[in-house]
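K.L.:
Everything below, folded, please.
(chains A and B)
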2 protein chains.
Amino acid sequence: MLNGSAPRVVVLGGGFGGLTAARALRRARVQVTLLDRRNHHLFQPMLYQVATAALAAPDIAMPIRKVLRRQRNATVLLAEARAVDLARRQVLLYDGALGYDFLVIATGVTHSYFGHEEWAEHAPGLKDLADAFRVRARVLLAFEAAEREPEAQRRRDWLRFVIIGGGPTGVELAGALAEIARKTLARDFRNFDPRSAEVLLLEGGGRILPSYPPELSASAVRQLEELGAAVRTGAAVVNVDADGVELRGGERIAARTVLWAAGVQAAPLTRGLGAPLDRSGRVLVLPDLTVPGHPQAFVIGDAAALEQDGRPVPGVAPAAMQMGAHAAASIERVLAGKPSLPFRYRDKGALATIGRRRAVAHFGRYRFSGFLAWTLWLLVHIFFLIGFRNRFVVLFEWAWAYLTYQRSARVILESGRNLGGGACPPAGQSRKSASP
Amino acid sequence: MLNGSAPRVVVLGGGFGGLTAARALRRARVQVTLLDRRNHHLFQPMLYQVATAALAAPDIAMPIRKVLRRQRNATVLLAEARAVDLARRQVLLYDGALGYDFLVIATGVTHSYFGHEEWAEHAPGLKDLADAFRVRARVLLAFEAAEREPEAQRRRDWLRFVIIGGGPTGVELAGALAEIARKTLARDFRNFDPRSAEVLLLEGGGRILPSYPPELSASAVRQLEELGAAVRTGAAVVNVDADGVELRGGERIAARTVLWAAGVQAAPLTRGLGAPLDRSGRVLVLPDLTVPGHPQAFVIGDAAALEQDGRPVPGVAPAAMQMGAHAAASIERVLAGKPSLPFRYRDKGALATIGRRRAVAHFGRYRFSGFLAWTLWLLVHIFFLIGFRNRFVVLFEWAWAYLTYQRSARVILESGRNLGGGACPPAGQSRKSASP
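P.N.:
Okay, the predicted model is just below:
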């Protein structure tokens, strides 16, 4: 609250948590600054559909400044926070600093290769659009390579797809890859039958979808097998290289395409805070979501570690949105001289899609699988996507663009750090992109 | 015609010319192999709309093997032709070679910086999807940089957009950029008014759209000015760097964003043929589109230089498609023991769009501009795009995908040369992409 101007609220990250916090403050007498190193909010739950070529990037990405264009008290900056000085109440950028009265850290998670970063190049994960394009390219290029591979054994290796990690993302990827091989590409090649491709989902634990009830895990396995994907549990990966993966016990699985859906860790920023962290770098926040000793600094979403009734609040979009709304409400309460309140996560249930007409869902004691769960999944995601002019709004998009001047594809596949650079290197060339 | 098997026709390039040639041979008793270093056919006339964020990449790109999936006598290979040995009738790949009985070279054009390749990084051109993403990122990032730039003079430089080259692409880009600044982004920023952005189209010659009648060039200038873009003719660019462009006469124009639409040259392959070339590397073909001395080798589309009635056949999609059909017909005639016929280009007219409700068109002696021409442009492009399930097919795309298993976004932003690599580098990181 410097010289009478409105209090400065800085939000780090334009994901579900950060965006919800910023919007929840739209009527508050504060000046909100939302920082993100990308220009777009990503509808994460559909990212695997971009990776599996079902959707185009702009269908699930929306410019953050467009979301907030009408919120007069909000400024969007395409910038990356290098660090936070909690004592001085400053966010340090790569070019300058930003003072704040309240801070909301919503920087989310990135892949974790459990200390084996060298696996990353052989087994890309799926967190942002660049990842999705990389996965899409890997998968499609594997089929192209198979078409050109005369040697049967090597061709089989091109047609073997291994997904590491039996969480929702791994399950979605396995189901989608099986569909691509069995249906999408079925008639596209001359030198092999895409239906001969093998899709293998590896889970280190005892069952896939461990956060779901056991009977739904079993159902997910059945549904994946119907699609033509194989599931192996208790398969701990001890090495990944260009030729495939190695399991504990020494077994090798040859595959030219390995995808990573096994682990996440908090984005690097949290490690420099000097705050207490859990093993994955999440900030152990107080019940009101603030950093111990810093009541004006909130951590929300996947970047926060919080237990409730002895169980961790899950790293899902609904939890992040609830935390964002709670942080915003707390800021308003503090400004009104009231104490902040503890956060309560309300579990609205969980949905995981497996493939066409296949999914699992549980809401409290209600559990569904198959077509009903899939319909539910579809409805829920259509509902949430509408705000992101997805396929169902995109329906009228081009015509609409001419009436409203809106452009839906305003997506930059790049961080704000190297302004002026290109989004992608030119195909097959090495032309540099200019950097001012 | 080796040991009685069907004659081998190899088509290099899956653009308008190559794809038309391959499809025209669907009933011929030949085995067609179409090579392209990309997995997709690109609807070039709409590429500027991807560059200006109006359309998503998959809306104008379609997997070549999907186009030809039902053509049993056609095989599609994702591969790049390194050279052609006309004497041995072999196409040399980076991994192996491909013999042919008939060859159709449809490798198209790439940018030409008139010997100043160092300009490329400062002034990206627009030929493929990677270019389009780079241009899109440059333009959007310039506005983002302006939002963060405190110094007024430097901010103006971020908001000055220079397009070099007054052909159809330059005109389309200038119109679209003016619309983005004036309309799309009008309310998105807090620290400046996007409407203050300057869009400047530089043409070295005496008028823009030189291939159109003079009155349409004049109309195009008026229409661009209505949109808020400025046009300068007789402005020959002698240097381009990170800070802007320098004109003959020494005048400097400061701009952080410069786009190149000035020149093209034939793709490198033609230079190694040992065939007679024009100054831009196009093959000086015989009237039947064959390479002198090699009646089984055709060159079509932008890669071919042919005069008709003393005027060069223009490098436009309709000409390439007509040439593709002619080459296919000639191959069938030769196989039937008949002589090949000379190619005749039938000019169906020309359309250039400038912006919303603005365009120019001429068909023989009919000339339109403004709304009528724009409507015509829209109808023509909608008509041709339908085959590429664009927005108007994409309308029902996602729902459709669940019924037909088709996926419209099967696009790889990468050449077939580095199989296994990622489509884009991860944002702001330097993680390598695996190469088998």
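K.L.:
Can you report how many residues neighbour residue A:353?
P.N.:
If you count neighbours by other Cβ atoms under 10 Å in any protein chain shown, residue A:353 ends up with 26. In this view, the C-beta of every residue, glycine as well, is placed from N, C-alpha and C.
K.L.:
tell me which strands and helices the helix or strand harbouring it is in contact with?
P.N.:
Here residue A:353, judged by DSSP states H and E, is contained in strand A:350-355. If contacts are counted by 3 or more Cβ pairs under 8 Å, 6 or more residues apart in numbering or on different chains; DSSP states H and E, strand A:350-355 sits against helix A:168-179, helix A:214-227, strand A:358-363, helix A:371-385.
K.L.:
what residue ranges in chain A score low on pLDDT?
P.N.:
Regions of chain A meeting the criterion pLDDT under 70 cover residues A:1-4, A:382-436.
K.L.:
Helices of that one, residue ranges please.
P.N.:
A:16-24, A:47-51, A:57-60, A:64-67, A:129-148, A:152-158, A:168-179, A:214-227, A:317-335, A:371-385, A:391-394, A:397-404 (DSSP state H).
K.L.:
Any chance of CSV for those, columns mean neighbour count and distance to residue B:63?
P.N.:
What follows is the helices of chain A, written out as CSV (neighbours: other Cβ atoms under 10 Å in any protein chain shown; distance: least, Cβ to Cβ, whole Å):
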stretch, mean neighbour count, distance to residue B:63
helix A:16-24, 26, 33
helix A:47-51, 26, 16
helix A:57-60, 26, 17
helix A:64-67, 24, 30
helix A:129-148, 24, 8
helix A:152-158, 16, 18
helix A:168-179, 27, 16
helix A:214-227, 19, 22
helix A:317-335, 22, 32
helix A:371-385, 16, 25
helix A:391-394, 21, 19
helix A:397-404, 16, 21
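K.L.:
before we move on, back to that, can you tell which of the helices and strands packed on strand A:350-355 is closest to residue A:68?
P.N.:
Taking Cβ to Cβ, helix A:371-385 is the member of the helices and strands packed on strand A:350-355 nearest to residue A:68, at 17.9 Å.
K.L.:
related to what we said a few turns ago, let me have the helices of chain A in TSV, adding distance to residue B:218 as columns.
P.N.:
Output for the helices of chain A, formatted as TSV (distance: least, Cβ to Cβ, whole Å):
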stretch	distance to residue B:218
helix A:16-24	48
helix A:47-51	45
helix A:57-60	36
helix A:64-67	37
helix A:129-148	43
helix A:152-158	57
helix A:168-179	53
helix A:214-227	61
helix A:317-335	55
helix A:371-385	46
helix A:391-394	38
helix A:397-404	25
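K.L.:
export these to JSON lines and tack on distance to chain B?
P.N.:
Compiled in JSON lines, those are given as follows (distance: least, Cβ to the nearest Cβ, whole Å):
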{"stretch": "helix A:16-24", "distance to chain B": "13"}
{"stretch": "helix A:47-51", "distance to chain B": "7"}
{"stretch": "helix A:57-60", "distance to chain B": "4"}
{"stretch": "helix A:64-67", "distance to chain B": "5"}
{"stretch": "helix A:129-148", "distance to chain B": "3"}
{"stretch": "helix A:152-158", "distance to chain B": "9"}
{"stretch": "helix A:168-179", "distance to chain B": "7"}
{"stretch": "helix A:214-227", "distance to chain B": "12"}
{"stretch": "helix A:317-335", "distance to chain B": "20"}
{"stretch": "helix A:371-385", "distance to chain B": "9"}
{"stretch": "helix A:391-394", "distance to chain B": "4"}
{"stretch": "helix A:397-404", "distance to chain B": "3"}
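K.L.:
Among the ones you listed, single out whichever gets nearest to residue B:338.
P.N.:
Using Cβ to Cβ as the measure, helix A:129-148 is the one of these that comes nearest residue B:338, at 34.7 Å.
K.L.:
List the contacts of residue A:157.
P.N.:
With contact taken as Cβ atoms under 8 Å, 6 or more residues apart in numbering or on different chains, residue A:157 is in contact with A:243-244, A:254-256.
K.L.:
quick one: which of these has the most company?
P.N.:
Ranked by neighbour count under the definition other Cβ under 10 Å, the contacts of residue A:157 are headed by residue A:256 with 27 neighbours.
K.L.:
Enumerate the residues of the stretch 201-350 of chain A near chain B.
P.N.:
Contacts of the stretch 201-350 of chain A with chain B, taken as Cβ under 8 Å from any Cβ of the partner chain, map to A:242, A:256.
K.L.:
Could you pull out the strands in the stretch 201-350 of chain A for me?
P.N.:
For the stretch 201-350 of chain A, the strands defined by DSSP state E, counting those that start in this stretch cover A:229-232, A:237-241, A:244-247, A:252-254, A:257-260, A:264-266, A:283-284, A:290-291, A:294-299, A:304-305, A:307-308, A:311-312, A:350-355.
K.L.:
With respect to residue B:71, which of those strands lies nearest?
P.N.:
The minimum distance between residue B:71 and the strands of the stretch 201-350 of chain A falls on strand A:257-260, with 27.7 Å, by Cβ to Cβ.
K.L.:
So which other helices or strands are in contact with the closest one?
P.N.:
Where contact means 3+ Cβ pairs under 8 Å, 6+ apart, strand A:257-260 is packed against helix A:129-148, strand A:160-164.
K.L.:
at 10 Å instead, please
P.N.:
helix A:129-148, strand A:160-164, helix A:168-179, strand A:198-202, strand A:237-241, strand A:244-247 (3 or more Cβ pairs under 10 Å, 6 or more residues apart in numbering or on different chains; DSSP states H and E).
K.L.:
can you put these in JSON lines and add distance to residue A:326?
P.N.:
Shown next, in JSON lines, are the helices and strands packed on strand A:257-260 (distance: least, Cβ to Cβ, whole Å):
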{"stretch": "helix A:129-148", "distance to residue A:326": "29"}
{"stretch": "strand A:160-164", "distance to residue A:326": "34"}
{"stretch": "helix A:168-179", "distance to residue A:326": "24"}
{"stretch": "strand A:198-202", "distance to residue A:326": "35"}
{"stretch": "strand A:237-241", "distance to residue A:326": "37"}
{"stretch": "strand A:244-247", "distance to residue A:326": "41"}
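K.L.:
Of the ones you listed, give the one that comes closest to residue B:223.
P.N.:
helix A:129-148 (35.1 Å).
K.L.:
Quick check: closest non-adjacent residue to residue A:48.
P.N.:
Nearest-residue entry for residue A:48: residue A:172, 4.4 Å, with adjacent residues in sequence omitted and distances by Cβ to Cβ, 6 or more residues apart in numbering or on different chains.
K.L.:
The one you found and residue B:344, how far apart?
P.N.:
Taking Cβ to Cβ, to the nearest Å as the measure, residue A:172 falls 54 Å from residue B:344.
K.L.:
from what I can see residue A:139 touches residue A:51, true?
P.N.:
Yes: proximity of residue A:139 to residue A:51 meets the contact threshold set by Cβ atoms under 10 Å, at 7.8 Å.
K.L.:
what sits in contact with each of the two?
P.N.:
Contact criterion Cβ atoms under 10 Å, 6 or more residues apart in numbering or on different chains; residues shared by residue A:139 and residue A:51: A:173, A:176-177, A:259.
K.L.:
ok, those residues vs residue A:25, which is closest?
P.N.:
Nearest member of the shared contacts of residue A:139 and residue A:51 to residue A:25, counting by Cβ to Cβ, is residue A:173, at 36.0 Å.
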